[in-house]
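**Student:** structural data only, the sequence is not supplied:
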């Protein structure tokens, strides 16, 4: 009788255990295939802060885990995929290295690697005023204003000739100061198109240029009107004395109460209206 009970219990327990195993297996399979499950892959990141113009090698890079379901266009899986490439933008430690951070293959090191194809880097002389008190640093965005005169005209004007121009270098530095400390430099290098390079060269040699610092997120083009000298000082000419009109005043007799001393009469022109003033003779 006891053997019969044991056999019945065993016959019931085995199917139950088998059923439980199947249920557990199904749950684990569903969890493994769930969309939210994180499956890691490897991507390349900066091993330390890196500055533009750096040619990458193995010591600058390392691999970290990255969710396979969250790929980013342009990322690298192996350090050798981006080694020996030149950076054109700064990278923070553990920041992913992307194709957009790198210059084309076989680019030279330094400033030239940071110039995109079809663009130019042109240097302009600056001082504390033109360079906005030293706050024009690599990576900042500026407008370029030019002041000069038009040939054949006596008036002087100022107008904005270039907008949203990126500063490539300040002096020989191609990375900004981390603390934002002003840096006095004799030249800055601007990233411009070939046509803009022609315009900037003409303005800096035939007139006077001024850099206007602007917010990097403010990329809106502004159609400004040129500022004429008459906008500052007005169009009314100041009073002037005509030397040719100065002449001795006639002597008056002692009985003439209008004037008791000899002198000169001077014609003064105020705008378009002439006036005559008398100056006593010394």
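**Tutor:** Received it, and whenever you're ready, just let me know what you need. Quick caveat, the model's predicted, so the values are computed rather than measured.

**Student:** tally of neighbours for residue 161?
**Tutor:** Under the neighbour criterion other CB atoms under 10 Å, residue 161 is assigned a count of 17. C-betas here are computed from N, CA, C, even on glycine.

**Student:** contact partners for it?
**Tutor:** 144-146, 199-200, 203 (CB atoms under 8 Å, 6 or more residues apart in numbering).

**Student:** quick one: the strands in the chain?
**Tutor:** Listed in chain order, the strands of the chain (DSSP state E) span 40-46, 61-67, 120-125, 141-149, 156-170, 187-192, 208-214, 227-228, 240-241, 247-248, 263-270, 273-280.

**Student:** what's the most buried one of those strands?
**Tutor:** Neighbour counts (mean count of other CB atoms under 10 Å) averaged over each of those peak at strand 187-192, with a mean of 20.

**Student:** for residue 66, see how far away residue 120 is.
**Tutor:** Distance of residue 120 to residue 66, computed by CB to CB, to the nearest Å: 37 Å.

**Student:** show me this protein divided up by domain.
**Tutor:** Following automatic domain parsing, the chain resolves into domains at 1-37, 38-114, 119-233, 240-280.

**Student:** residue ranges with poor pLDDT in the stretch 1-150 of the chain?
**Tutor:** Low-confidence segments of the stretch 1-150 of the chain (pLDDT under 70): 1-21, 23-38, 106-109.

**Student:** quick one, helices of it?
**Tutor:** Here the stretch 1-150 of the chain has its helices, by DSSP state H, counting those that start in this stretch, at 2-32.

**Student:** show me what contacts the residue lying closest to residue 115 once chain neighbours are set aside?
**Tutor:** Closest residue to residue 115 apart from its sequence neighbours, by CB to CB, 6 or more residues apart in numbering: residue 121 at 5.1 Å. Residue 121 is in contact with 111-112, 114-115, 168-169, 189-192, counting by CB under 8 Å, 6+ apart.

**Student:** list just the nearest of these to residue 103.
**Tutor:** Nearest to residue 103, judged by CB to CB, of the contacts of residue 121 is residue 114 at 7.0 Å.

**Student:** for the closest one, which residues are in contact?
**Tutor:** 52-53, 88, 103, 121, 168, 174.

**Student:** narrow those residues to those that are buried.
**Tutor:** 52-53, 88, 103, 168, 174 (16 or more other CB atoms under 10 Å).

**Student:** give the burial count for residue 54, as a bare number.
**Tutor:** Residue 54: 20 neighbours (other CB under 10 Å).
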